[in-house]
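Chemist: what shape does this take:
(chains A, B and C)
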Amino acid sequence: MSGVMSRKKKAEALLLSLPAFLLYSFIFIYPMISVFRLSLFKWNGIPNSPLEFVGMKNYVALFTDRRFFTALTNVGIFILSGCILILPVAFFLATVIQSKLKGKRLLKTSYFMPQVISRTAIALMWYFLLYPEGGPLATLVESLGFTGVDVNFLGSQTYAIYAITVINAWTYAGFNMLIFSAGLTAVPEDVYEAARVDGAQGWQKLRYVTIPMLKSSFQIFLLNCVVGSITTFEMVYVTTGGGPGSASEVFGTLLYKNAFTYNNYGYSNAMGSFLIVASFLASVLLTGLFSRGEKKEAAV
Amino acid sequence: MKKLKAGDILYRILAVFFFLIFVYPIYFTVVSSFKNNTEIWNTMFALPSRIEWGNYVSAVVDVGILRAVLNSFIFSFGACLVVVVLVTMAAYVVARKLLRFSGALRMYYLLGLMIPPYAMLIPVVTMFTELGFRDKYWPMILLYAAVNFPMSFYLITGYIEGVSKELDEAAIMDGCSTTGIIFRIIFPVASPGIFTGAIISFLAVYNELIFANTLLTNQAMKTISVRLLGLQGERFTSYGPMFASIVLSILPILAVYLLFQEKVEGGIAAGAVKG
Amino acid sequence: MRKKIMSAVLASAMAVSLLGGCQGGGAQSSSQAADQPESSQAAEDSSSGAASEAPAAAGGEKVKVRILTRYSNPDSVRERYFMDMVAKFQEENPDIELEDVSISDENSRDTLFKTSVASGDPIEVFNFLGYAANLDYVSNGVVTDISSLIEEDPAWTEKYIDALFAPVDYSAYGVEGTYGLPTAPYGVCCFYNKAIFDELNMELPETWEAIEAAAPKLIEAGYIPMAFGAKDNYRAGHFLTALSMKYYGDQLKNDLIAGDKAWNGAETLGLIEKMQAWQEAGIFGDNNLAYDANGELAKLENKEAAIIFSGSWNIATINEFANAGDIVCKGFPYFEEKPEFKDEWMGGPDDFMAISSKPGDPDYDATVRVLKYFTSQEYYEGMYEAQSGAGTYPVKFDETIEADALTTQFNEYYNKATNMIGEIEQFSPMTSLMDVVRTEVTTIFSGDKAQDIADRIQGEVDAYGAGS
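Modeler: Prediction:
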């Protein structure tokens, strides 16, 4: 190939990359850098009022804010609920859609349906399901004979966050079902065959054959769960707005509230920086951990 | 005929139980959308005694939910289209290492995968207002395209790398330019991967709330998410129209899903596994 | 695997041949291929063009003005009147494109206004909240001084009640001028469903002591003594201020704002403890966090609640109730032990119509026209008529309509007011204070202790003091 041709090819490749590069740099990377820069300033959101350089003060305010620690705890609750609620349900659903049950197509459609519904619509639907005065849940509890039980979960400082994790589980179980379902498809039939010959049945098959073979599915699940929990926002914002008080606050609602209710944009940007760093580190650390685990196994 | 074991029966019961769990909220919403205010409460399954079409009239006329649905589709479809075209071009260059710094470029793009876009909310809002980009279709579409760029890039690059280079080489022998290869060969061959990226972007935009809620102020520009959110303070005591609005916002996307069920599920599965 | 590749090769070979192949050479094929994204782009362009076509088609000279209020709920008489007037303005002024971006929900309205300010493109005509809490917007030039406009056109504002301008007078902070026109003077009052009390053979309780005594009977009969829709967090803010006026007059407000008293000091703590005790005694009913101010009205109308504490802004809406005849208006309950503060009120001017456009801006003249339209004497006369004389207005009327019973009852109390203040937090320059106090006090409904609530509020105040 001649040099002219290759230079022409290079120029063409450059041109082809350019639109995406510009779009991404301008609308994604540039604002990201701005977040870090602006987190060092105090600003009330009014353009004519000067940015006041305050160094790390916004971070000090962030890390000494009791609401930050509430949010941290709540993110922990989200991650845990993912592991004890979404994981087993999603796994179970995956086995259903991989099974030979009659009507599994209908089942699959229903399990998957929440994926295509707007999160705001889901949050509102559940808001009414959990409505304490005559909502379906309250009616159910009453018809089961538990009169006088307080079912106002979203209005409770103790239970609001758990109620939201249930809504969250309803929303994302179908998505995670597909992760495990893909993993199950990838398990070759002859592995099961070998296990059967060895006398493995039911639970044993699940415990010693299926689950170890699905290791990468579990890793993907965990990664999604951790990063998704750190960055959760919509579900909380629509159902409780972070309340009652600050009981169900998460990082996203704090960022939003500090900017648009408190005019404290510096704090919000510090929170934004924290979110960027936290989700980046979570991704990198978890991925690193998984690949190290694999190497170790290979060595053994 | 094999005898069903107790475990199998339990398994089936559980499968149906979850079916009900996933369907019931929709059932309740649909049924309530046909009821008047007093009939909605203190019941779990009851059908309306009289169908209240007025709820739907109110959802369309007062709430303007159809306009919001249209907007959501415009933003989602637009962003999807931009993502597909730009990402495929960029992904091909990176996947085939056509530039010396392809590796660095890949890392640069993938950085975005690990970052929640709404962390950048304030600079984006400021930038959009300074440039007069609020309440306009194109800038919002570009914003959504940028936000969904890294994920689609990741998926499509992966897919293109799996496409044999022999194809490209054959095309080059035929005198095809890189652009020609991308649009004539890669697009059709990598279409499953591209479709995955497209579907994920589509749903992400369709569900987006934060940017839409801060950047769209004009009633006529609002998306489903923003409109439904606004209903909370507006008419929290006329529940019927609210349920009707939710139903109208779910129906179109549900129809799309049922039409392309296999593809949507396959696309999400591929995306989920790789993410 | 090989089979897969082979089929892929075949498929793509077919695709290539179907597309006409590439034999034409690099240059040509690349130009052909480049058509593809372009044409799709054109399709996009036209689709976005179609949506923004309306204003363009109606003539290029139109000036666009946005107006932001809290009026977007057609179920409220006052809000519906505003919405009708927007349509009427549009009809009468084809050269101005008036875009109504109003939102009832207070948080959404705030977000909308603040993002528009932060981005340097503040909404042209908006309901400014005034008071010290919004000093930043005045001192940084977001809100335009309209004093010269008022001077040029004295007829415009001659019927306004002068006392209502105090919260937009910032001369105490060294900023001269007038930064808005009062739109909605109000008083926090209570509405009673008299039918309930008649049924139980009870007097209407007007003091807290009487309410405490009446509550068990009402509860036993299945009624909520006083509905409290805490889903709107401003309800708790209003309640606390109204209560403080009846117990301490405006002394507590002055002390809190000056920093002489702490929010977790005995006085404020005592008030929150009272609220908590009433909540525990069932006076406010239950599930308070599940319903908002509209829910309070619904409970009053449906005969679930015996009393609601509300405000004059709801009089016209209540007059539309089927059982409007059963409803009676009284002042916010006072304390028998504090008769000296019986007529101390929460109320006064609220929501000022203000503008952000400056003289010389291309949209300034249009903005002023919009401002004048929605603050004119005719505008309020129309509203007065639409509400059949109900409620309170920032202007005086030459011809008065014989007011409905509720308005008459309200005015009977209102005119006796010895003092009237807005919500305590409005007087503090700490912008976040209002949301903090409201949100924290609301947590009495989710079982928080008064002491913790008061401590948290003071904690925020201290942190603010340390930061500035």
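
Chemist: measure B:Thr126 to A:Ala61 for me?
Modeler: In this view, B:Thr126 and A:Ala61 are 21 Å apart by Cβ to Cβ, to the nearest Å. C-beta: built from backbone N, CA, C; applies to glycine.

Chemist: pick out the residue of chain A closest to chain C.
Modeler: A:Gly155 (3.1 Å; Cβ to the nearest Cβ).

Chemist: you'd agree C:Phe191 is in a strand?
Modeler: Yes: judged by DSSP: H, G, I helix; E, B strand; the rest coil, C:Phe191 forms part of a strand.

Chemist: residues contacting stretch A:7-26, please?
Modeler: Contact with stretch A:7-26 is made by B:82, B:86-87, B:89-90, B:92-94, B:98-99, B:105, B:109, B:112, B:142, B:145-146, B:149-150, B:153, B:177-179, B:182, C:30, as judged by Cβ atoms under 8 Å, 6 or more residues apart in numbering or on different chains.

Chemist: ok, and for that stretch, which residues are buried?
Modeler: Neighbour-count burial for stretch A:7-26, counted by 16 or more other Cβ atoms under 10 Å in any protein chain shown, picks out A:9, A:12-13, A:16-17, A:20-21, A:23-24.

Chemist: as TSV, the residues you listed with secondary structure and pLDDT would be great.
Modeler: Converted to TSV, the buried residues of stretch A:7-26 look like this (DSSP: H, G, I helix; E, B strand; the rest coil; pLDDT from 0 to 100):
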residue	secondary structure	pLDDT
A:Lys9	helix	83
A:Glu12	helix	89
A:Ala13	helix	89
A:Leu16	helix	91
A:Ser17	helix	91
A:Ala20	helix	94
A:Phe21	helix	95
A:Leu23	helix	95
A:Tyr24	helix	95
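
Chemist: which one of the residues you listed sits closest to B:Ile186?
Modeler: Proximity of the buried residues of stretch A:7-26 to B:Ile186 was ranked by Cβ to Cβ; the top entry is A:Leu16 with 11.2 Å.

Chemist: how much space between the closest one and B:Ala145?
Modeler: Distance, A:Leu16 to B:Ala145, using Cβ to Cβ: 16 Å.

Chemist: quick check, central residue of chain B?
Modeler: In chain B, the centroid-proximal residue (Cα atoms, centre = their mean) is B:Leu203; its distance is 0.7 Å.

Chemist: please apply the same query to chain A.
Modeler: Taking Cα atoms, centre = their mean, chain A has its central residue at A:Gly228, 1.7 Å away.

Chemist: would you confirm that that one contacts A:Tyr172?
Modeler: Yes: using Cβ atoms under 8 Å, A:Gly228 is in contact with A:Tyr172, at 7.4 Å.

Chemist: which stretches in the stretch 151-300 of chain A count as helices?
Modeler: Under the criterion DSSP state H, counting those that start in this stretch, helices of the stretch 151-300 of chain A are mapped to A:160-186, A:189-197, A:202-205, A:211-213, A:215-230, A:234-239, A:251-260, A:265-299.

Chemist: can you list the ones you listed in a markdown table and add mean pLDDT and distance to chain B?
Modeler: As requested, the helices of the stretch 151-300 of chain A are exported to a markdown table (pLDDT from 0 to 100; distance: least, Cβ to the nearest Cβ, whole Å):
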| stretch | mean pLDDT | distance to chain B |
| --- | --- | --- |
| helix A:160-186 | 91 | 4 |
| helix A:189-197 | 74 | 16 |
| helix A:202-205 | 72 | 7 |
| helix A:211-213 | 80 | 14 |
| helix A:215-230 | 90 | 6 |
| helix A:234-239 | 90 | 5 |
| helix A:251-260 | 92 | 6 |
| helix A:265-299 | 87 | 4 |
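
Chemist: buried deepest among these, which one?
Modeler: Most buried of these, by mean neighbour count (mean count of other Cβ atoms under 10 Å in any protein chain shown): helix A:251-260, with a mean of 26.

Chemist: with adjacent residues omitted, what lies nearest to the residue of the stretch 101-250 of chain A found nearest chain B?
Modeler: Using Cβ to the nearest Cβ, the single residue of the stretch 101-250 of chain A nearest to chain B is A:Gly134, 3.0 Å away. Distance criterion Cβ to Cβ, 6 or more residues apart in numbering or on different chains; nearest residue to A:Gly134, sequence neighbours excluded, is B:Trp41 at 3.0 Å.

Chemist: surely the one you found and A:Glu133 touch.
Modeler: Yes: with contacts counted by Cβ under 8 Å, B:Trp41 reaches A:Glu133, the gap being 6.8 Å.

Chemist: before we move on, the earlier item: residues contacting the residue nearest to the centre of chain B?
Modeler: Listed by Cβ under 8 Å, 6+ apart, the contact partners of B:Leu203 are A:115-116, B:76, B:268.

Chemist: same thing with B:Leu110?
Modeler: Per Cβ under 8 Å, 6+ apart, neighbours of B:Leu110: B:150, B:153-154.

Chemist: please identify which helix or strand holds it.
Modeler: helix B:102-111 (DSSP states H and E).

Chemist: which helices and strands does the helix or strand just after that helix pack with?
Modeler: The helix or strand immediately downstream of helix B:102-111 is helix B:121-130, counting by DSSP H and E. Judged by 3 or more Cβ pairs under 8 Å, 6 or more residues apart in numbering or on different chains; DSSP states H and E, the packing partners of helix B:121-130 are helix A:30-38, helix A:251-260, helix A:265-299, helix B:137-161, helix B:210-215, helix C:106-118.

Chemist: and of the ones you listed, who's closest to A:Ile97?
Modeler: helix B:137-161 (22.2 Å).

Chemist: after that closest one, which helix or strand is next?
Modeler: Assignment by DSSP H and E places the next element after helix B:137-161 at helix B:165-173.

Chemist: pLDDT of that following helix, averaged?
Modeler: Mean per-residue pLDDT for helix B:165-173: 85.

Chemist: tell me how far that helix lies from the chain's centre.
Modeler: Centroid displacement of helix B:165-173 relative to its chain, using Cα atoms, centre = their mean, to the nearest Å, is 35 Å.

Chemist: what packs against it?
Modeler: Packing partners of helix B:165-173 (3+ Cβ pairs under 8 Å, 6+ apart): helix C:2-18.

Chemist: tell me the pLDDT at the residue nearest to B:Asn42 when sequence neighbours are not counted?
Modeler: Leaving aside its sequence neighbours, B:Asn42 sits nearest to A:Gly134 (Cβ to Cβ, 6+ apart; 4.1 Å). Here the pLDDT value assigned to A:Gly134 is 84.

Chemist: what's the burial count for A:Gly134?
Modeler: A count of nearby residues for A:Gly134, using other Cβ atoms under 10 Å in any protein chain shown, gives 13.

Chemist: quick check: it touching B:Ala46?
Modeler: No: if you go by Cβ under 8 Å, A:Gly134 and B:Ala46 don't touch, sitting 12.0 Å apart.

Chemist: ok, the nearest residue to B:Ile210 once chain neighbours are set aside - how many residues close by?
Modeler: Nearest residue to B:Ile210, sequence neighbours excluded (Cβ to Cβ, 6+ apart): B:Tyr118, at 4.6 Å. By other Cβ under 10 Å, 23 other residues sit near B:Tyr118.

Chemist: for B:Tyr118, give me its contacts.
Modeler: Residues near B:Tyr118 by Cβ under 8 Å, 6+ apart: A:231, A:233, A:252, A:255, B:210-211.

Chemist: state the pLDDT value of C:Leu18.
Modeler: pLDDT at C:Leu18 comes out at 36.

Chemist: how about the one 3 residues further on?
Modeler: What the model reports for C:Gly21 is a pLDDT of 35.

Chemist: and for A:Lys10?
Modeler: A:Lys10 is assigned a pLDDT of 85 by the prediction.

Chemist: can you report how many residues lie near the residue in the stretch 251-400 of chain C positioned nearest to chain A?
Modeler: Per Cβ to the nearest Cβ, C:Leu289 is where the stretch 251-400 of chain C lies closest to chain A, at 3.1 Å. Close neighbours of C:Leu289, defined as other Cβ under 10 Å, add up to 25.
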